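Asks: Here's my sequence, what's the structure:
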Amino acid sequence: MGETGAKYAPELANILNNEKVDEGVRASAAKALGNLGKAGAKYAPDILKFLNNDKVNPHIRDDTAIALGNLGEAGAKYAPELFKIFNNNKVDDEIRSKTAQALGNLGEAGAKFAPEFAEILNNDKLDANIRSYARSLWSI
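Replies: I've put the predicted structure just below:
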């Protein structure tokens, strides 16, 4: 979408934040904001809020993590929050997987968590799924 879609960022944010709108539509708005670069970056807190909303179906929320990762530099300051979500074993596995992928998309900001992900990969006491999700960081 880039600059062409940038003018729609406020409208997309309104959709994302409107709890009367279908959750799937709201998640699509978050993903679109993530693809807008700087224009979508100012709405990163709204994307994060949706991602953390336990009332929303986890299978709808999971791709919103990718939206934060797609913001690149603009999303970099949310890397610690994404890692916190990934590291929370009470969070749905699919969401954890997508947060690992998002961290991988954040370049240097995600790379700061490489030591933690290496520990996870090497810990054979952890669930195999979580260990495989940790591999997503190595896409950076």
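Asks: pLDDT below threshold where in the chain?
Replies: Counting by pLDDT under 70, the chain shows low-confidence ranges at 1-3, 136-140.
Asks: Regarding the spatially most central residue of it, which helix or strand does it belong to?
Replies: For the chain, Ala65 is the residue whose C-alpha lies nearest the centre (CA atoms, centre = their mean; 1.5 Å). Assigned by DSSP states H and E, Ala65 falls within helix 58-70.
Asks: ok, residues contacting that helix?
Replies: With CB atoms under 8 Å, 6 or more residues apart in numbering as the test, helix 58-70 has contacts from 23-24, 26-27, 30-31, 33-35, 40, 44, 47-48, 50-51, 53, 75, 78, 82, 85, 91-92, 94-95, 97-99, 101-106, 110. In short, each C-beta sits where N, CA and C put it, glycine included.
Asks: One more pass at 6 Å, please.
Replies: By CB atoms under 6 Å, 6 or more residues apart in numbering, the surrounding residues in contact with helix 58-70 are 23-24, 27, 30-31, 34-35, 47, 50-51, 75, 78, 92, 94-95, 98-99, 102, 105-106.
Asks: Got a ChimeraX select line for the buried ones in those?
Replies: To isolate the buried ones among the contacts of helix 58-70 in ChimeraX, judged by 16 or more other CB atoms under 10 Å, type:
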select :23,27,30,31,34,35,47,50,51,75,78,92,94,95,98,99,102,105,106
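Asks: Mark which of the contacts of helix 58-70 are part of helices, please.
Replies: Among the contacts of helix 58-70, DSSP state H puts 23-24, 27, 30-31, 34, 47, 50-51, 94-95, 98-99, 102, 105 in helices.
Asks: still on that earlier bit, quick one: buried residues of the helix holding Ala65?
Replies: Ile60, Arg61, Asp62, Asp63, Thr64, Ala65, Ile66, Ala67, Leu68, Gly69, Asn70.
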